[in-house]
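S.K.: Attaching a predicted model along with its sequence, questions to come.
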Amino acid sequence: MTTIQDIADKLGISKGTVSKALNNAPDISETLQKQVLETAVELGYTKLRRYKKSAKKLCVIVQKDNIQYEKPHHFAYDIVMGFRQMAEPAGYEVEAVPIDVSTQRKISYDIFMLQNDYAGSFLLGLSLGEPWMKDFRTSRTPAVLYDNHIIGNPTTAYVGIDNDEGMDLAVGHLKKLGHQKIGYLSSALGSYIMQVRHKAFFQAMHNHGLKTDPSYAGCSYYLSECMEKHLPRFLDMGLTAIICCQDTFASAAITQCQQMGVQVPRDISIIGFDDIPMSPYTSPPLTTVRQDRIEIGKSGYYALSSLLNGVSIGTVLLHADLKVRESTRAVTEK
């Protein structure tokens, strides 16, 4: 097993210097510290260091530009709480750590984890193009990613809901209500989960024997652009129902319809995705595919615990659940 002496021998420096570098001593240059940390990760010192620490530390890393978590009405608040509910009784300290792209550019994932004595992490809100997404292809420190999938690295896992199942429930519900022409509104496909849901929509439409015309989907980077560009187009095409990639899009679609004099659900039915806290309070209350965020947090811990114990678990998907409210109804004969 790798020791501080092994790192010192590889770099040709003293054991004391290595120890200082690992513990952020002020008299060690930034260049040398970086070299020591990179060598420690390369030699697998991370694992030994975890077991020697009396206080076992895990972190929930949140991309603060993409997802909120600090207050009860924030989407990721319950995810963090669910993770804590499982990790803390098991003897772990849990820290919620906000990061951004700038942080990722300054320091690699493995070195960040080593510097802060974290044994493993649960990561929320990372987009596909962010620096650490490349790190996860070869990283050695256990990482569980919410709504992101890394192939080929046994120290990473993916946790989320079954989006194929969720989309199938949404399309099936609308079909039972008599809807045949169903559209899909989405943000830009710059995240793994947006790509998954986009594909799942068309697969669900196919599975239910409904038309899968590419023009039935509208994607835009900006929510306002999506509403102004694609929603009127859908209405002009005679679509009777719309599924949205997220509840925020569904809520905006309801508001846009009201401004256009289109009544929901009399004129068009709308379904969201996620069941965020505001969903029961839109007007009308939103039918949506629910993610149990407490359970997602708990599953994040289960997956991370498996990785920490040498079980290379790959994917954990929770069942989806459709919450039927008042934004959907049977097709109105015209």
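M.R.: Structure received. Numbering: from 1, shown residues only.

S.K.: now the helix or strand harbouring Val41: how far from the chain's centre is it?
M.R.: In this assignment (DSSP states H and E), Val41 forms part of helix 30-42. Remark: helix 30-42 is offset 30 Å from the chain centroid, using C-alpha atoms, centre = their mean, to the nearest Å.

S.K.: Could I get the CA-only coordinates of that helix as PDB?
M.R.: What follows is helix 30-42, C-alpha atoms only, in PDB (Å, rounded to 0.1, in the frame of the first residue of the first chain):
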ATOM      1  CA  GLU A  30       2.200  26.000  -5.000                       C
ATOM      2  CA  THR A  31       4.100  24.200  -7.800                       C
ATOM      3  CA  LEU A  32       5.600  21.600  -5.400                       C
ATOM      4  CA  GLN A  33       2.300  21.100  -3.700                       C
ATOM      5  CA  LYS A  34       0.600  20.400  -7.000                       C
ATOM      6  CA  GLN A  35       3.300  18.000  -7.900                       C
ATOM      7  CA  VAL A  36       3.000  16.100  -4.600                       C
ATOM      8  CA  LEU A  37      -0.800  15.900  -4.900                       C
ATOM      9  CA  GLU A  38      -0.700  14.700  -8.400                       C
ATOM     10  CA  THR A  39       1.800  12.000  -7.500                       C
ATOM     11  CA  ALA A  40      -0.200  11.000  -4.500                       C
ATOM     12  CA  VAL A  41      -3.300  10.500  -6.600                       C
ATOM     13  CA  GLU A  42      -1.300   8.600  -9.300                       C
END
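
S.K.: Look at stretch 86-101 and report the distance between its end residues.
M.R.: 29 Å (C-alpha to C-alpha, to the nearest Å).

S.K.: and what of stretch 209-222?
M.R.: 31 Å.

S.K.: Can you mark which positions in that stretch are buried?
M.R.: 210, 212, 216-220 (16 or more other C-beta atoms under 10 Å). C-betas here are computed from N, CA, C, even on glycine.

S.K.: And for stretch 127-139?
M.R.: Quick answer for stretch 127-139 (16+ other C-beta under 10 Å): 127, 130-133, 135-136, 139.

S.K.: Restricted to strands, list those residues.
M.R.: Under the assignment DSSP state E, the buried residues of stretch 127-139 contribute nothing to strands.

S.K.: tell me the mean pLDDT for the helix holding Val41?
M.R.: Helix 30-42 carries an average pLDDT of 80.

S.K.: which element is Phe201 on?
M.R.: Assigned by DSSP H and E, Phe201 falls in helix 192-207.

S.K.: pull the CA atoms of that helix into CSV?
M.R.: Taking Å, rounded to 0.1, in the frame of the first residue of the first chain, the C-alpha atoms of helix 192-207 are listed here in CSV:
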residue,chain,number,x,y,z
TYR,A,192,-27.0,14.3,-20.3
ILE,A,193,-30.5,14.3,-18.8
MET,A,194,-32.0,16.6,-21.4
GLN,A,195,-30.6,14.3,-24.1
VAL,A,196,-32.1,11.3,-22.3
ARG,A,197,-35.5,12.9,-21.9
HIS,A,198,-35.6,14.1,-25.5
LYS,A,199,-34.9,10.5,-26.7
ALA,A,200,-37.3,9.0,-24.2
PHE,A,201,-40.1,11.2,-25.5
PHE,A,202,-39.9,10.0,-29.1
GLN,A,203,-39.4,6.4,-27.9
ALA,A,204,-42.5,6.6,-25.7
MET,A,205,-44.5,8.1,-28.7
HIS,A,206,-43.4,5.2,-30.8
ASN,A,207,-44.2,2.6,-28.1
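
S.K.: what's that helix packed up against?
M.R.: In terms of contacts (3 or more C-beta pairs under 8 Å, 6 or more residues apart in numbering; DSSP states H and E), helix 192-207 is packed against helix 163-176, strand 182-187, strand 217-220.

S.K.: Please tell me how far it is from the chain's geometric centre.
M.R.: Worked out by C-alpha atoms, centre = their mean, helix 192-207 lies 16 Å from the chain centre.

S.K.: Run through the helices of the stretch 1-150 of the chain in chain order.
M.R.: 4-11, 15-22, 30-42, 45-52, 77-87, 101-106, 109-115, 131-135 (DSSP state H, counting those that start in this stretch).

S.K.: what's the closest of the ones you listed to Asn309?
M.R.: The minimum distance between Asn309 and those falls on helix 45-52, with 11.7 Å, by C-beta to C-beta.

S.K.: If you average the pLDDT over the closest one, what comes out?
M.R.: 51.

S.K.: re the thing from before, Thr2: which of the helices and strands packed on helix 192-207 is closest?
M.R.: helix 163-176 (40.0 Å).

S.K.: Go ahead and name everything in contact with the closest one.
M.R.: Helix 163-176 is contacted from outside by 182, 193, 196-197, 200-201, 203-205, 207-208, 210, 241, 243, 269, 271, 273, 287, 289, 319-322, 324, 328, using C-beta atoms under 8 Å, 6 or more residues apart in numbering.
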